[in-house]
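1. here are the coordinates; sequence isn't available:
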Ligand code: PLP
């Protein structure tokens, strides 16, 4: 319904974009606002009095007002404009001092984004505090029992409760209003990370009564590198600013300085003016359309949920109810996170990416959560206002096919042998001929992505698999998308990873090691990555996978010297 308002899709009509939790596409009004500023009003803000400088300052301050209106904040001086949620949380954690805090503990949820964990680790070290975790169910759900446990943990010993309004990894909507109320009762400071909520749920800062609320423009149809820190005025007045420099001061001598009042106190340096103006346009778009967006996303989420629930090998994580169904817990925004039994998600994603579908696989900057859920990562599918029923259907069809393809990948060889036997024949000449060919030759002969993919799947069966007892830290190769171990076993280099594509690549690499050693060439100095590139395999390397393969090559070389 909103798709035509996003120029990206006119330029890329074939793209199915289901990674809006990572960043959203940009609304036409945002692009126009940024462009107009650069084309007609480009000057810096708050410093000069000539016409375009006034114009720029006015546009910048209007954006602040639009952001305040979006979150129902009636004093725009409480809206600090900065580079995003990460900077906002860092500003809070670095700026708090002991006499602003009552208790000893920082309470966070198990599903927090790293941006809402690391700054608290620093603060806890600086002030000698401890961090307590509120846990989710084993499937990542936050329901009544988790809420009750949360309430018990939120007692007088808590100085700060820092939590997302919505989890970026799971989509869970948390009952922040009740939590902020309880936090106030025990005099704890509440910090709400609204980054994943702001484009999907109405946010009313007065009703929430939180102390801080933060978010980033790029998750709400605005530009990257710009965001918001809302704070209660007396806290902002006491908070030490993080960025010291131009325009955040009232008076400076060589030995001392007096700062401006908020918000300028926190906006040192030349700000991202065009970004802020774009953010203002995004805030206006959301204020005007949020109800409609919410209903639209809810409908799509229901289609997505029922489609995913029909796929029996998936394990869906997190809350599964759309927003508005219950009063406090168990709701989700239009986002699903899941794992696939017995198969590697990166292998699955590779097949999905081939169909121009963007989804995200990984830990979603929530590594501690992945440890709690005992998964290496999840596949995350996230909906935005421009998502259509057709996008969801295309994704579901593609997912079913990809899973089928992964499963048949397991059976390709068996099927061939099986059907040949059934027909009372030997394996066909073709298979017989190629059966003894080196993996490299088969990959070189395979034309096109599909055939190379199939050859890698087949090659994966030739890898000498490392026994489970040797899959230990000592043999681990770090920095890979999936867990990977390589070491010697029975005088052969063996390896294991759940990814079949990577197993295929390893089989190819170890075949080359054998060749070089048999030919008494230097196996430990050979350019294996160049070899893979020459075989045209770089099309299988995402940025993450490329790093992993390079680490695996380094590990192999290490074992050879
Ligand atoms: N918090 C949450 C819940 C997020 O999803 C993200 C980004 O993924 C962040 C914080 C960090 O946002 P940014 O990188 O824009 O600062």
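-> It's in. None of these values were measured; they are calculated from a predicted model.
2. What count of nearby residues applies to residue 238?
-> Look at residue 238: counted by other Cβ atoms under 10 Å, it has 13 neighbours. C-betas here are computed from N, CA, C, even on glycine.
3. Pick out the residue closest to the middle of the protein.
-> Residue closest to the mean C-alpha point of the chain, counted by Cα atoms, centre = their mean, is residue 364 at 3.4 Å.
4. Which helix or which strand is home to the nearest residue to that residue once chain neighbours are set aside?
-> The spatial neighbour of residue 364 that comes closest, neighbours along the chain excluded (Cβ to Cβ, 6 or more residues apart in numbering), is residue 169 at 4.1 Å. Residue 169 is part of no helix or strand when elements are defined by DSSP states H and E.
5. Touching, residue 169 and residue 333? I think so.
-> No: the criterion here is Cβ atoms under 8 Å, and residue 169 misses it with residue 333 at 12.0 Å.
6. How about the contacts made by the residue nearest to residue 364?
-> 111, 113, 140, 318, 337, 363-366, 369-370, 378, 380 (Cβ atoms under 8 Å, 6 or more residues apart in numbering).
7. Over in the stretch 401-550 of the chain, which residue gets nearest the ligand? Let me know.
-> Relative to the ligand, the nearest point of the stretch 401-550 of the chain is residue 544 (16.2 Å; Cβ to the nearest ligand atom).
8. my guess is that residue contacts residue 481, does it?
-> Yes: under the criterion of Cβ under 8 Å, residue 544 is in contact with residue 481, at a separation of 4.5 Å.
9. Compare neighbour counts for the two and give me the winner.
-> The residue with more neighbours, out of residue 544 and residue 481 and counting by other Cβ under 10 Å, is residue 481; that gives 25 against 15.
10. Contact partners for that one?
-> Residues near residue 481 by Cβ under 8 Å, 6+ apart: 346, 361, 362, 377, 499, 542, 544, 545, 548.
11. can you do 7 Å?
-> 346, 544, 545, 548 (Cβ atoms under 7 Å, 6 or more residues apart in numbering).
12. got it, and residue 119?
-> Residues counted as contacts of residue 119 (Cβ under 7 Å, 6+ apart) are 89, 90, 93.
13. ditto for residue 439
-> Contact criterion Cβ under 7 Å, 6+ apart gives 459, 462, 507, 508, 511 as the residues in contact with residue 439.
14. Need the worst-confidence member of the contacts of residue 481.
-> Going through the contacts of residue 481 one by one, the lowest pLDDT turns up at residue 544, 75.
15. host element of that one?
-> In the assignment (DSSP H and E), residue 544 maps to helix 543-560.
16. do the same with residue 57
-> If you go by DSSP H and E, residue 57 is part of helix 51-70.
17. what's in contact with that helix?
-> 37, 41, 43-47, 76, 79, 81, 228, 273, 276-277, 279-280, 283-284, 286-287.
18. cool, stretch 205-219 as well?
-> With contacts defined as Cβ under 7 Å, 6+ apart, stretch 205-219 is touched by 23-24, 71-73, 84-85, 88-89, 92, 176-177, 180-181, 184, 189-196, 198-199, 223-224, 226-232, 235, 275, 278-279, 282.
19. Could you pick out which of the residues you listed are located in strands?
-> With strands defined by DSSP state E, the entries of the contacts of stretch 205-219 inside them are 189, 190, 191, 192, 193, 227, 228, 229, 230, 231.
20. among the residues you listed, which are within reach of the ligand?
-> The subset of the ones in strands among the contacts of stretch 205-219 within reach of the ligand, counting by Cβ under 6 Å from any ligand atom, consists of 193, 227.
21. farthest-separated two in the ones in strands among the contacts of stretch 205-219?
-> Of all pairs drawn from the ones in strands among the contacts of stretch 205-219, the widest gap by Cβ to Cβ lies between 189 and 227 and measures 19.7 Å.
22. how far away is the closest residue to residue 403 other than its chain neighbours from the ligand?
-> Of all residues beyond its chain neighbours, the one nearest residue 403 is residue 313 (6.2 Å), with distances taken as Cβ to Cβ, 6+ apart. With distances defined as Cβ to the nearest ligand atom, to the nearest Å, the gap from residue 313 to the ligand amounts to 27 Å.
23. same thing with residue 133?
-> With Cβ to the nearest ligand atom as the criterion, residue 133 and the ligand are 16 Å apart.
24. So that residue sits against residue 110, correct?
-> Yes: applying Cβ atoms under 7 Å as the test, residue 133 and residue 110 come out as touching, 5.3 Å apart.
25. re earlier: buried ones among the contacts of residue 119?
-> By neighbour count, with 16 or more other Cβ atoms under 10 Å, the contacts of residue 119 hold 89, 90, 93 as buried.
26. I figured the last one was touching residue 122, is that so?
-> Yes: with contacts defined as Cβ under 7 Å, residue 93 counts as touching residue 122 at a distance of 6.3 Å.
27. Next, the angle strand 227-231 makes with the helix or strand in which residue 301 is found.
-> For residue 301, the enclosing helix or strand under DSSP H and E is helix 273-309. Here helix 273-309 runs at an angle of 90 degrees relative to strand 227-231 (axes from the mean of the first three to the mean of the last three Cα atoms, to 10 degrees).
28. that older thread, which of residue 189 and residue 227 has more residues huddled nearby?
-> When residue 189 is set against residue 227 and neighbours are counted by other Cβ under 10 Å, the residue ahead is residue 227, at 30 against 24.
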